[in-house]
Structure formats: structure tokens, C-alpha cells
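>>> I would like to see how this sequence folds:
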Amino acid sequence: DRRIDDHNMIAVTRHFGSIRHLTRLHLAGNNMTDESASVLAQRLGLLNELEVLGLAHNQIGPEGCAAIAQQLTSMRSLERLNLCHNHIGDEGAIAISQHLGALPHLWALQLAGNDIGPDGATQVLHHVQFPLQMLDLSHNQLGDLGAAAIAEHLGSMTSVCSFNLADNGITDASCILNVLPSTPWLHSLYLVDEHAVEIPVPPAPGAENGENVEAEN
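Take a look at the predicted model:
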């Protein structure tokens, strides 16, 4: 097994000091837990030119996520953060949200499949700011309470053009649909699960030639 787990993360991060120019770090699909995520976090500050951090499909919980979140203030070049399919929960989502303001170049935040409920999602939505374009909160536990929070914040998320909410147990999406006419910047909205259907959102006028941003879990 060549996956990076708790036992060899120290060996991996030991080299960060000599690769400060690194712009992409992908550690998806390993056995990373809170322990290895915390070890990684201790050295992430050395990679201050990092643009992409991929940590999807691991076993990172709230504690490990909080440790990583605390290092975001030293990663101002970060453009994409992928924590899909871990176990960060509301606590981890809130920790991430509190540091979004320190990331002036972040355009993609992917938090799908993390047991995030309405409380965590509300905090993420509250802290969304320019230039974030893609937000993925699919495969969580937002429910109708989360849908109400989304409807409340959608009008202020003016940079987000792709928003994935699929498989969140939303049984009544009417509150979200009601605000769509006032969100012309939103090009793609996904609400597909057993209760809802995909809602096609027409592009804003003049946006036909814009770049499509797709979710990558």
C-alpha cells in the first residue's frame, strides 16, 4: 500500500522546506486522519506559493480540518481547496469559513460529502466573497433548513457562478427558486437528488462566451 497515512506523513512534510515553490499538492485518496492532517498543517505554511490543495477522499475529521484551516492565513496564493468526501462536519466547515477572508484568490471551494448540516453551511455561505466562483456543498445534510439559509444568502454571493447542492435531502426548493430571477450571475445550480430535480439556470446576458467551471470531486 503506497498511500500516505499517519505513519509516513512526517516523512513527506519534512521536504516542504526545499520545495517552497510548489503550486499544486494533491493528497486525495490516502488514509489521512486528523492526526496526519495536523502533521500536514504544521508544515503547510512553508508552501506559501501553493495554488491548489487537494485532500479529497480521506478520513479527515473536524480536528484535522481545523488545523488546516488555521494555516490558510499563510496560504494567500491558494486558488482551489478540495476537501470533498471526508468527515469534517459542521465544526470543520465553520473552521474553514472563518478563514475564507484570508484567501483573496480562492475561486473554488469543494466540501461535498462531509456530513455538513445547516449550521456549517450557513457559516460558509455567510463568509463567501469575491472571487469565489465554484462552491460545492453536495452530498451533505443541509435539508430544508439549509435550503432556507441558501435562499437568504444567494443574493449576496455575486461571484459564485456554479453552485452544487445535489443530494442534500432538500424536499422543498421553492425558496431557492424564488430568488433565482435576482441572481443573473449564477450559471449552474445543481439540486438533483431523490426529492428534487436539476434546475437549469440560463447564463447571464453576455456570459455565453465565459469559461465553464465544473465540479471535480
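
>>> quick one: contacts of the helix or strand of the chain with the lowest mean pLDDT?
Of all helical and strand segments in the chain, the minimum by mean pLDDT, DSSP states H and E falls on helix 9-13, at a mean of 84. Contacts with helix 9-13, where a contact means CB atoms under 8 Å, 6 or more residues apart in numbering, come from 4, 32, 36, 39, 40, 42, 43. For the C-beta atoms, the positions are set from N, CA and C on the backbone; glycine is no exception.

>>> give me the buried subset of these.
4, 32, 36, 39, 40, 43 (16 or more other CB atoms under 10 Å).

>>> so where's this structure shaky on pLDDT?
1-3, 5-6, 193-217 (pLDDT under 70).

>>> can you map out the strands along this protein?
Assignment of strands within the chain using DSSP state E yields the ranges 24-26, 52-54, 80-82, 108-110, 134-136, 162-164, 188-190.

>>> in its sheet, what does the fifth one sit against?
What it means is strand 134-136. As defined by DSSP bridges, the strand partners of strand 134-136 come to strand 108-110 (parallel), strand 162-164 (parallel).

>>> pull the distance from that strand to the chain's centre.
In terms of CA atoms, centre = their mean, to the nearest Å, the gap separating the centre of strand 134-136 from the centre of its chain is 6 Å.

>>> buried residues in it?
134, 135, 136.

>>> which ones among the buried ones among the contacts of helix 9-13 lie within helices?
Secondary structure from DSSP state H places 36, 39, 40, 43 of the buried ones among the contacts of helix 9-13 in helices.

>>> which of the residues you listed lies closest to residue 82?
Lowest distance from residue 82 to those (CB to CB) belongs to residue 40, with 14.1 Å.

>>> you'd agree the closest one is up against residue 68?
Yes - judged on CB atoms under 8 Å, residue 40 makes contact with residue 68 at a distance of 7.0 Å.

>>> ends of stretch 129-140, how far apart?
Its start and end residues considered, stretch 129-140 measures 22 Å (CA to CA, to the nearest Å).

>>> what do you get for stretch 152-168?
For stretch 152-168, the first-to-last residue distance is 17 Å (CA to CA).

>>> pull up the gap between residue 88 and residue 32, please.
Distance, residue 88 to residue 32, using CB to CB, to the nearest Å: 12 Å.

>>> cool, and residue 25?
Looking at residue 25 against residue 32, where the rule is CB to CB, the gap reads 12 Å.

>>> ok, residue 124 next?
Distance check for residue 124 against residue 32: by CB to CB, it reads 21 Å.

>>> can you check residue 158 too?
Residue 158 sits 34 Å away from residue 32 when distances are taken as CB to CB.

>>> let me have the strands of the chain in a markdown table, extended by distance to residue 180.
Conversion of those to a markdown table gives the following (distance: least, CB to CB, whole Å):
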| stretch | distance to residue 180 |
| --- | --- |
| strand 24-26 | 34 |
| strand 52-54 | 31 |
| strand 80-82 | 26 |
| strand 108-110 | 21 |
| strand 134-136 | 16 |
| strand 162-164 | 11 |
| strand 188-190 | 7 |
